[in-house]
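Undergrad: I'd like to go over a predicted model; first the sequence, then the structure.
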Amino acid sequence: MTKLSVNINKIATLRNSRGGDSPNVEQAAIDIQNFGAEGITIHPRPDERHIRYQDAYDLVPTIKTEYNIEGNPIQKFIDLVLDVKPTQVTLVPDAVDAITSNAGWDTVTHQSFLQEVISEFKSNDIRTSIFIDTDAKMIENAAKTGADRIELYTENYAVEFAKGNKEAVLPYVESSQLAHDLGMDVNAGHDLSLDNIQFFAQSLPFLDEVSIGHALISESLYLGLQNVINMYLHKLS
Ligand SMILES: CC(=O)[C@@H](O)[C@H](O)COP(=O)(O)O
Ligand SMILES: NCC(=O)COP(=O)(O)O
């Protein structure tokens with residue numbers, strides 16, 4: 001069974017837009033887990049435009065499932081993760097000003113750096129995962145860094161699937177098998193949604209966890225709108 005980890009960045013985006021504490025990200029994490037999600041993912045960025053570094057600490061007592069922290073391992077991020085000690089850290093090669101993640105690691109160029117940070121996280125009992133494209137050479141080199149898992153960057157699959165190109169899943173099928181053969185587990189994420197997740201999960205031979213945020217929160221708004229509007233109308237009647 002593939003675990004669902006819910007990325008709550010967008011809850012924080014909404015909170016920050018008013019400067020207050022609504023919606024409350026800790027309560028959201030509690031509820032999301034009570035509704036059955038098997039993990040909570042956050043992806044703090046250096047500008048703290050959504051999840052803040054302080055949120056990473058405040059969430060600790062609320063997460064009873066798996067806690068996954070994603071981000072670029074700049075020193076501030078490394079210190080945060082070593083302090084918070086989540087279940088898993090996912091290393092993502094984000095540019096400081098990136099709107100969202102847009103590429104996997106070049107594990108050849110950055111092999112020794114990745115090896116160093118991964119070994120530090122592992123010696124602190126934190127599972128490690130590397131955000132990566134469906135490139136065999138990069139995945140083979142990811143294994144050499146000592147990473148426990150890869151997280152397959154699924155934007156291309158999501159874009160192509162929306163156009164009806166189901167064969168876009170094939171590189172992910174191959175990458176999943178390769179990672180497994182190399183002794184790594186497989187996560188996936190980015191733009192996965194209610195539309196594309198089932199075909200993806202059923203196609204991959206190995207898929208341990210997906211982290212989903214943007215689409216899941218948007219879908220929750222749409223699927224909840226009718227209910228909430230009816231509740232307002234009832235209060236006003
Ligand atoms: C690595 C990845 O694909 C996600 O963590 C995604 O980047 C979420 O970050 P944002 O919410 O900042 O888009
Ligand atoms: N690791 C991917 C993630 O956490 C969520 O990405 P998205 O669903 O917001 O695109």
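TA: Everything's here; your move. Numbers count the residues shown, from 1 in each chain. Ligands and ions are numbered 1, 2, ... in the order given.
Undergrad: Just to check, V117 is in contact with Q75?
TA: No. The criterion here is CB atoms under 8 Å, and V117 misses it with Q75 at 10.0 Å. Where C-beta positions appear, they are placed from N, C-alpha and C, glycine not excepted.
Undergrad: Check the gap between the closest residue to S203 other than its chain neighbours and F161 for me.
TA: In space, and not counting its chain neighbours, S203 is closest to V169: 4.6 Å by CB to CB, 6 or more residues apart in numbering. Separation of V169 from F161 (CB to CB, to the nearest Å) stands at 7 Å.
Undergrad: OK, contacts around the residue nearest to S203?
TA: Y157, F161, F199, F200, S203, L204 (CB atoms under 8 Å, 6 or more residues apart in numbering).
Undergrad: So which of those is the closest to I126?
TA: Closest approach to I126 among those (CB to CB): L204, at 24.6 Å.
Undergrad: burial of that closest one, as a residue count?
TA: By other CB atoms under 10 Å, the residues close to L204 number 22.
Undergrad: Quick check: residues of the chain near ligand 1?
TA: N7, N9, H43, R45, E70, V92, T100, S101, F131, G189, H190, G213 (CB under 6 Å from any ligand atom).
Undergrad: Among those, give me the pair with the biggest separation.
TA: R45 and G189 (15.6 Å).
Undergrad: Have a look at these two and say which one is more surrounded.
TA: G189 (26 against 23).
Undergrad: Dig out what that one forms beta bridges with.
TA: Taking DSSP bridges, one obtains Y153, S211 as the residues bridged to G189.
Undergrad: Need the contacts of V169 in TSV (columns: secondary structure, distance to E26 and pLDDT).
TA: Compiled in TSV, those are given as follows (DSSP: H, G, I helix; E, B strand; the rest coil; distance: CB to CB, whole Å; pLDDT from 0 to 100):
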residue	secondary structure	distance to E26	pLDDT
Y157	helix	32	98
F161	helix	34	98
F199	helix	34	98
F200	helix	30	98
S203	helix	35	98
L204	coil	32	98
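Undergrad: so which of those residues is the most crowded?
TA: When neighbours are counted by other CB under 10 Å, Y157 leads the contacts of V169 with 26 neighbours.
Undergrad: Quick check, that residue in contact with A168.
TA: Yes. With contacts counted by CB under 8 Å, Y157 reaches A168, the gap being 5.1 Å.
Undergrad: Tell me where the chain is predicted with low confidence.
TA: By pLDDT under 70, the chain has no low-scoring segment.
Undergrad: Quick check: the residue of it nearest ligand 2.
TA: G189 (2.7 Å; CB to the nearest ligand atom).
Undergrad: Give the full set of residues in contact with that residue.
TA: G189 makes contact with N7, T41, E151, L152, Y153, T154, V210, S211, I212 under the criterion CB under 8 Å, 6+ apart.
Undergrad: Also A201?
TA: Counted by CB under 8 Å, 6+ apart, A201 has contacts T2, L207, V210.
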